[in-house]
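Student: sequence unknown, structure follows:
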C-alpha cells in the first residue's frame, strides 16, 4: 500500500470540507459567503470605516489564507479548486 501524500478525502469536495471545518472550529469569528467558496470575518467591519481586503488562490495551501482573517488583517479569503 502506498503512503498517502495528502490529507483529503476527495479532491472535488475538499474545499467545501475545509470550509465546513473552519466554520465548526471558529463559529464566532468566521462566516461563509452563501453559495461561494469564500470565508469572511464575522462580524464584518463597518464598510464606511474600513477598506476590506480579500486574498485567495488555488486551494491546497490551507489554512494559509483563512489564518490571516481578523481585526487589522484580511477581511476574507477566496478559495479555488484543487487540481490533481
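Tutor: Perfect, thanks for sending it. Quantities reported herein were computed from a predicted structural model and do not represent experimental measurements.
Student: please identify the helix or strand for residue 77.
Tutor: Following DSSP states H and E, one finds residue 77 within strand 76-79.
Student: for that strand, which helices and strands make contact with it?
Tutor: Here strand 76-79 touches helix 14-25, strand 38-41, strand 54-57, going by 3 or more CB pairs under 8 Å, 6 or more residues apart in numbering; DSSP states H and E. Any C-beta I mention is one placed from the backbone N, CA and C, and that applies to glycine too.
Student: could you point out the helix or strand that follows the first one?
Tutor: Heading C-terminal from helix 14-25, the first helix or strand you meet, by DSSP H and E, is strand 30-32.
Student: related to what we said a few turns ago, in a markdown table, list the helices and strands packed on strand 76-79 along with distance to residue 71 and mean pLDDT.
Tutor: A markdown table is the format used below for these (distance: least, CB to CB, whole Å; pLDDT from 0 to 100):
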| stretch | distance to residue 71 | mean pLDDT |
| --- | --- | --- |
| helix 14-25 | 17 | 90 |
| strand 38-41 | 8 | 94 |
| strand 54-57 | 16 | 84 |
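Student: this completes my enquiry, with thanks.
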